[in-house]
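**Student:** predicted model and sequence below, questions to follow.
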Amino acid sequence: MLTKDFFTNLSRNATIGKQCAEELSLGGVNVIILGDFHQFLPVARSLHDTLFYLNNSVTDSTLSMIGWAIYEEFTMVIILKEQKRITDPVWHDFLRNLRAGTVKGHHIAMLQH
C-alpha cells in the first residue's frame, strides 16, 4: 500500500531526474496507479499515512500533506469489476468475503490447511 509521503518522495525524485520545474508534480510525467483492494495496510505505518485517509493539518507531516495534494491531482479512476486471475472458487469466495468483512470460520480453516 502506498503512503502519502511516498508520493512526495517520488515526485521529488522524478523532478530531479527529469530536470524540470519543481512546481510540476511527479516531474511532469504521466503516472498510472494500480490498486489491489485485497491488499493489507502498510506495515509499521500509521493509518493516517495511507492514501485513502484524509489529511489532518494538525497531526499530519508536511510530507504527508504534499503527498495527499499530489494524489488528488489524479483525475481518472477505472474500476475493474471482474476477477480474471483467480480460477479457484474457494479462494475467490474467501477474497470476496474478506473484502466485505464477512470472513467466517470455514474461511479461517481453509487458510490454516
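**Tutor:** It's in.
**Student:** gap between stretch 59-67 and the chain center?
**Tutor:** Its chain's C-alpha centre lies 16 Å from the corresponding centre of stretch 59-67 when counted by C-alpha atoms, centre = their mean, to the nearest Å.
**Student:** buried residues in the lengthiest helix in the chain?
**Tutor:** Once the chain is assigned using DSSP state H, the helix that runs over the most residues is helix 4-18. Of the residues in helix 4-18, those with enough neighbours to count as buried (16 or more other C-beta atoms under 10 Å) are 4-8, 10-12, 14-15. From N, CA and C alone the C-beta is placed, and that goes for glycine too.
**Student:** that one packs against which elements?
**Tutor:** Contact here means 3 or more C-beta pairs under 8 Å, 6 or more residues apart in numbering; DSSP states H and E; on that basis helix 4-18 packs against helix 62-71.
**Student:** what packs against the helix it packs on?
**Tutor:** helix 4-18.
**Student:** dump the helix it packs on to PDB, restricted to CA.
**Tutor:** The C-alpha atoms that make up helix 4-18 are tabulated as PDB, following Å, rounded to 0.1, in the frame of the first residue of the first chain:
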ATOM      1  CA  LYS A   4       1.200   9.900   1.100                       C
ATOM      2  CA  ASP A   5       4.800  10.700   1.800                       C
ATOM      3  CA  PHE A   6       5.800   8.100  -0.900                       C
ATOM      4  CA  PHE A   7       4.200  10.400  -3.500                       C
ATOM      5  CA  THR A   8       6.200  13.400  -2.100                       C
ATOM      6  CA  ASN A   9       9.500  11.500  -2.400                       C
ATOM      7  CA  LEU A  10       8.600  10.000  -5.800                       C
ATOM      8  CA  SER A  11       7.700  13.500  -7.100                       C
ATOM      9  CA  ARG A  12      10.900  15.000  -5.800                       C
ATOM     10  CA  ASN A  13      13.000  12.200  -7.400                       C
ATOM     11  CA  ALA A  14      11.100  12.400 -10.700                       C
ATOM     12  CA  THR A  15      11.500  16.200 -10.800                       C
ATOM     13  CA  ILE A  16      15.300  15.800 -10.200                       C
ATOM     14  CA  GLY A  17      15.500  13.100 -12.800                       C
ATOM     15  CA  LYS A  18      13.500  15.000 -15.500                       C
END
